[in-house]
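**Student:** Here you go, sequence then predicted model.
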Amino acid sequence: MLGEHSLLPGAVVPCFAQHDVWDFNTVLRRPAGTHPGGWKLVFSLELADPAWNLLAREVAMIMLNPRHPAVRAAGLPLRPRPARIATILGDLTHLRVLARWAHAAGLPSRLPDWRDSDLRRFLRYRQDNAGVSSVKGQVGLLKFLHHATNLLSGGGFQVDPWQGRTTRQVAGDTTSPDVVTTPVIPPEQWFPLVRAAWGYVHDFAPDILRGQARYTALLASARDDISDLPATFTACLSASGSRVPVRDQTGNPEAIWPLLTLRIGFHPRHTRTMFGTHSVGGRQRRAAITALVADGTRTDSGLIDNPALTPRRDRPPAPWIRGVDARALGTQVRALRNACFVLVLALSMMRDGEASEISRGSVVEYYGTPAIVSTKLKHDPAEPRKHWWIIDPVAEAIAVCEQLPSDSDYVFGPVAGRVGHDAIRGSVMIDNFIATVNAHTGISGLPPIPAGTVRSHMFRRTMAMLTEQFAGSEIALGIQLKHVAARALANRSTQGYGAADPAWSHHLDRALDAARFRRLEDLYRAHTDGKPVGFGPAAERLTELFDKIHDTVAARNGDASVARALLRQARVSLRFGTLNHCAFDENNPAGALCLERAAIPDGHAGPLHDRCRPDRCTNSIITPDHLPIWRTERQTLLTLLESPKLAPCRKAALQRELGDVDHVLSTAQQESP
């Protein structure tokens, strides 16, 4: 059955005769993010019927063994790699729907007896009751049952009503394959969510880890022998350094009784014995503690004492948490784990499954840069280990998460002590983190996260869109997204991931304008310090403008704020670049070489960057910061010209480029003070 798969040690492979369940949990390696129930093929409900049951098992067997000689001889249009369990589960679901509809329509379970009109009726039924994606999967199964007719014991469909048409065409999917339909996370959600995750990782993590270590130590030393309970309580109460843990959520402080029991030295299960109202001793001890709480001089906030202070808008900084007992600590430990997961997704562009597969000790150095090593699952049955470059906050998030108590080999595995399956569910972690943040905004000081669906793939899409704003980003996106085609470092999906989104357009425009203005201020300050703005006609115009602003500021006895206001009023049109700056003015485009004899696309406004001539255009400004790049380019061209056996046409092109570079450098030298 699984001749083309790598089996786990000691695996007992299900046999074809098992007609109820094929369980692969102890047979094939289960991805970290897959629930154990998602690693079984269950032939139940409509598939319990003998005819449909046999058909379902045969379909699964064919998909698990696409290179079997019998399958290859039948000419089935299957991929050479075995289908994933999740893919087979999806097809069994489609087969279940087909069997249910056939029973309701009075059709036989023998597929060869169906007519093409029956298949068309079923397609109309699915189009009326399911989305396009589900309909595509259903059409794919129908076509499969036609092509596999010679392999199926009961035979398949005798006709394909949609011969020559793709599943996309039959399902009515009009979207382009190049269009990524994944929505972005809107900025009003993105910023508070990422800030909250970073707040937990960077600011709250030391408190949470300290509280967890303290709780673990208290549990390790807790006793079940309560024979000396009264004496131990009296000694603890009289100790000068003893404190009563309290919670104060509503302005009425209350002792945390189970934690106090643990601090005294007994397991929390004895809290009722120690402070219960059913005994005289319990009532006396409870009254003594209540008096201390009312006095307020010997109390603390529980497992996390002296928590970090967070800034508040309308009042002084305050502790981010109060009154932490074991349950609250568990909530915060899970929130910290979830925050680490959110931050890694947001800043690494990893898929949900790839982030879930991160194991402990996976942060390494790759080509001199920190990177995460994880398993790439999508479109790659070999499950290779890949590297994702990361920045310091991501490395910090993983380092923090590795310190959390867990019995899992995976960084984002379940927290120790939690009962349940070991699957890492990204959607659950994201939802729980948002819920925790929003439930404690009044205390933590974190801004609330607006309501709305947030999923792992949306982080990837959003960060890809933001990265696309930088020049030369497509190759970088292709590498980080693992969109590597056969002969390139990106594929057609890469541009779809980086496509702009209207939800971010206003924010990005404001951010770009702010960044441009900051750089314009830097140029103005350099000018006032006596440094040249740059070289060329456009630099002369910019220098004249800066001189006027400087004179106006001096005449008004103004300061930097006045200069900043005048700069904004001037509305300087300046686009900053790596080789030069462009002073193109849309209101007066005369002199822009990039527009001369050029076919300007409909709706385009501004210069054509791919036709830029920094050495000749009157709108070009080459600053002193650009000159090292030009000098390096000159040295590179000289080295290439010295290459032996250089083709004449190639040599002529290099000499033209060298002439352009020399023109820039000579102009800069002539205009230097």
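**Tutor:** Here it is on my side, so go on.
**Student:** which strand in this structure runs the most residues?
**Tutor:** What stands out as the longest strand in the chain, according to DSSP state E, is strand 369-375.
**Student:** Can you list the neighbours in contact with that one?
**Tutor:** Outside strand 369-375, the residues within contact range by Cβ atoms under 8 Å, 6 or more residues apart in numbering are 344, 348, 350, 354-355, 357-359, 362-365, 383-392, 394-395, 398. C-beta: built from backbone N, CA, C; applies to glycine.
**Student:** Now the buried members of those residues.
**Tutor:** Buried subset of the contacts of strand 369-375 (neighbour count, 16 or more other Cβ atoms under 10 Å): 344, 348, 350, 354-355, 357-359, 362-363, 386-390, 394, 398.
**Student:** In strands only, show me those.
**Tutor:** Mapping the buried ones among the contacts of strand 369-375 onto strands (DSSP E) picks out 363, 386, 387, 388, 389.
**Student:** of all those residues, which two lie farthest apart?
**Tutor:** Using Cβ to Cβ, these span at most 14.0 Å, a distance reached by 363 and 386.
**Student:** Now do residue 137, the pLDDT please.
**Tutor:** pLDDT for residue 137: 95.
**Student:** what's in contact with stretch 574-590?
**Tutor:** So stretch 574-590 is contacted by 471, 516, 519-520, 534, 538, 541-542, 572-573, 592, 595, 605-607, 609, 612, 614, 617, 619-623, 626, 629-630 (Cβ under 8 Å, 6+ apart).
**Student:** quick one: which helix or strand includes residue 170?
**Tutor:** helix 167-171 (DSSP states H and E).
**Student:** which parts of that helix are buried?
**Tutor:** Result for helix 167-171 [16+ other Cβ under 10 Å]: buried residues 167, 170, 171.
**Student:** Residue 31 reaches residue 355, doesn't it?
**Tutor:** No - using Cβ atoms under 8 Å as the test, residue 31 is too far from residue 355 to be in contact (11.6 Å).
**Student:** Could you measure from residue 272 over to residue 204?
**Tutor:** 32 Å (Cβ to Cβ, to the nearest Å).
**Student:** Which helix or strand lies directly C-terminal to the longest helix seen in the chain?
**Tutor:** The longest helix of the chain (DSSP state H) is helix 502-528. Going down the chain from helix 502-528, the next helix or strand is helix 537-555, by DSSP H and E.
**Student:** Any chance of the ones in strands among the buried ones among the contacts of strand 369-375 in JSON lines with distance to residue 141 as columns?
**Tutor:** Listed next are those as JSON lines, based on distance: Cβ to Cβ, whole Å:
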{"residue": "363", "distance to residue 141": "43"}
{"residue": "386", "distance to residue 141": "32"}
{"residue": "387", "distance to residue 141": "37"}
{"residue": "388", "distance to residue 141": "35"}
{"residue": "389", "distance to residue 141": "40"}
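**Student:** So which of the residues you listed is the closest to residue 407?
**Tutor:** residue 363 (20.9 Å).
**Student:** returning to that earlier point: dump the C-alpha coordinates for the longest strand of the chain into PDB.
**Tutor:** Listed next in PDB are the C-alpha coordinates belonging to strand 369-375 (Å, rounded to 0.1, in the frame of the first residue of the first chain):
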ATOM      1  CA  THR A 369      22.900  36.000   8.500                       C
ATOM      2  CA  PRO A 370      20.700  34.500  11.200                       C
ATOM      3  CA  ALA A 371      18.100  32.100   9.800                       C
ATOM      4  CA  ILE A 372      15.500  29.500  10.800                       C
ATOM      5  CA  VAL A 373      15.800  25.900   9.700                       C
ATOM      6  CA  SER A 374      12.500  24.200   9.100                       C
ATOM      7  CA  THR A 375      10.700  21.700   6.900                       C
END
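**Student:** now that strand: mean pLDDT?
**Tutor:** Across strand 369-375, the per-residue pLDDT values average to 84.
**Student:** And for stretch 97-104?
**Tutor:** 97.
**Student:** Could I get the buried residue list for that stretch?
**Tutor:** Buried residues in stretch 97-104, defined by neighbour count with 16+ other Cβ under 10 Å: 97, 98, 99, 101, 102.
**Student:** and what of stretch 20-40?
**Tutor:** 22, 23, 24, 27, 28, 30, 31, 32, 33, 34, 39.
**Student:** Same question for stretch 266-273.
**Tutor:** 266, 267, 268, 270, 271.
**Student:** so which of the residues you listed would you say is closest to residue 321?
**Tutor:** residue 268 (20.2 Å).
**Student:** Restricting to C-alpha, output whichever helix or strand residue 60 is part of in CSV.
**Tutor:** Assigned by DSSP H and E, residue 60 belongs to helix 50-64. Below are the C-alpha coordinates for helix 50-64, written out as CSV (Å, rounded to 0.1, in the frame of the first residue of the first chain):
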residue,chain,number,x,y,z
PRO,A,50,-20.3,-1.8,0.3
ALA,A,51,-20.1,-0.5,-3.3
TRP,A,52,-19.1,3.0,-2.4
ASN,A,53,-16.7,1.7,0.3
LEU,A,54,-14.8,-0.4,-2.2
LEU,A,55,-14.7,2.5,-4.6
ALA,A,56,-13.3,4.8,-1.9
ARG,A,57,-10.6,2.3,-0.9
GLU,A,58,-9.6,1.9,-4.6
VAL,A,59,-9.4,5.6,-5.1
ALA,A,60,-7.2,6.0,-2.1
MET,A,61,-5.0,3.1,-3.2
ILE,A,62,-4.5,4.6,-6.6
MET,A,63,-3.6,8.0,-5.2
LEU,A,64,-1.1,6.5,-2.8
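**Student:** ok, which stretches of the stretch 51-200 of the chain are helices?
**Tutor:** Along the stretch 51-200 of the chain, the stretches classed as helices by DSSP state H, counting those that start in this stretch are 69-73, 85-105, 116-129, 132-147, 167-171, 187-198.
**Student:** Could you chop the protein up by domain?
**Tutor:** 21-171, 218-317, 326-497 (automatic domain parsing).
**Student:** and residue 232, what does it touch?
**Tutor:** 264, 265, 266 are the contacts of residue 232 under Cβ under 8 Å, 6+ apart.
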